[in-house]
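Undergrad: Sequence plus predicted model, see below.
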Amino acid sequence: MATTGMPASIIIDHRMVTTAFELEGYRTVRNLGVVRGITVRSRSVLGTIGASLQTLVGGNITLLTKLCEKTREESFDLMLEHAGQLGANAVVGARYDATEIMQGVTEVLAYGTAVVVEKVRS
């Protein structure tokens with residue numbers, strides 16, 4: 001079987017991701033650097049029309065909420081995939097950033113620091 005030279009990806013449990021800079025109950029044994037996941041998404045014409053109609057009624061604009069959540073989830077999963085490729089088992093300092101690249105097109109970036117942690121023994 002041929003190998004690509006890349007280590008096998010580790011699947012990182014979502015509970016091993018935090019916005020804090022340390023994971024409670026664990027100690028960092030190795031810092032692997034910044035990891036990121038980027039998703040660029042545009043609104044469809046039909047979605048834009050549907051969202052515009054929802055604004056007339058007021059309240060939560062569910063079409064856009066679902067689109068935003070899907071985009072954040074995708075960028076988050078890409079960040080975890082990147083961390084897993086580096087051999088991390090956790091991500092600390094996780095953050096999101098969003099930028100409108102052009103009208104109706106938004107980039108969502110999930111980023112953090114990939115680390116290897118081990119459980120603290122009591």
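TA: Now that the structure is in, tell me what you want to look at.
Undergrad: For this structure, which segments count as strands?
TA: Under the criterion DSSP state E, the chain carries strands at the ranges 26-42, 90-102, 105-119.
Undergrad: For the residue nearest the centre of the chain, which non-adjacent residue is closest in space?
TA: Taking CA atoms, centre = their mean, the centroid of the chain lies closest to Phe76, which sits 1.4 Å from it. Distance criterion CB to CB, 6 or more residues apart in numbering; nearest residue to Phe76, sequence neighbours excluded, is Ala110 at 4.6 Å. Where C-beta positions appear, they are placed from N, C-alpha and C, glycine not excepted.
Undergrad: contacting residues around that neighbour?
TA: 36-38, 72, 75-76, 78-79, 94-96 (CB atoms under 8 Å, 6 or more residues apart in numbering).
Undergrad: Please tell me which one of these counts the most neighbours.
TA: Within the contacts of Ala110, Met79 tops the neighbour count with 26 neighbours, counted by other CB atoms under 10 Å.
Undergrad: If you count residues, where's the longest helix of the protein?
TA: In the chain, assigned by DSSP state H, the helix with the most residues is helix 62-86.
Undergrad: What angle do strand 105-119 and it make with each other?
TA: Calculated by axes from the mean of the first three to the mean of the last three CA atoms, to 10 degrees, helix 62-86 forms an angle of 40 degrees with strand 105-119.
Undergrad: Low-confidence ranges, this protein, go.
TA: Along the chain, the parts satisfying pLDDT under 70 run over 1-8, 43-61.
Undergrad: wait, what's in contact with Leu78?
TA: Per CB under 8 Å, 6+ apart, neighbours of Leu78: 36-39, 110.
Undergrad: Leaving out chain neighbours, which residue sits closest to His14?
TA: Nearest to His14 is Leu80, by CB to CB, 6+ apart, at 7.8 Å.
Undergrad: What of Leu86?
TA: Nearest residue to Leu86, sequence neighbours excluded (CB to CB, 6+ apart): Leu32, at 4.5 Å.
Undergrad: Val116 now?
TA: Computed as CB to CB, 6+ apart, the closest residue to Val116 that is not its neighbour in sequence is Arg30, at 4.0 Å.
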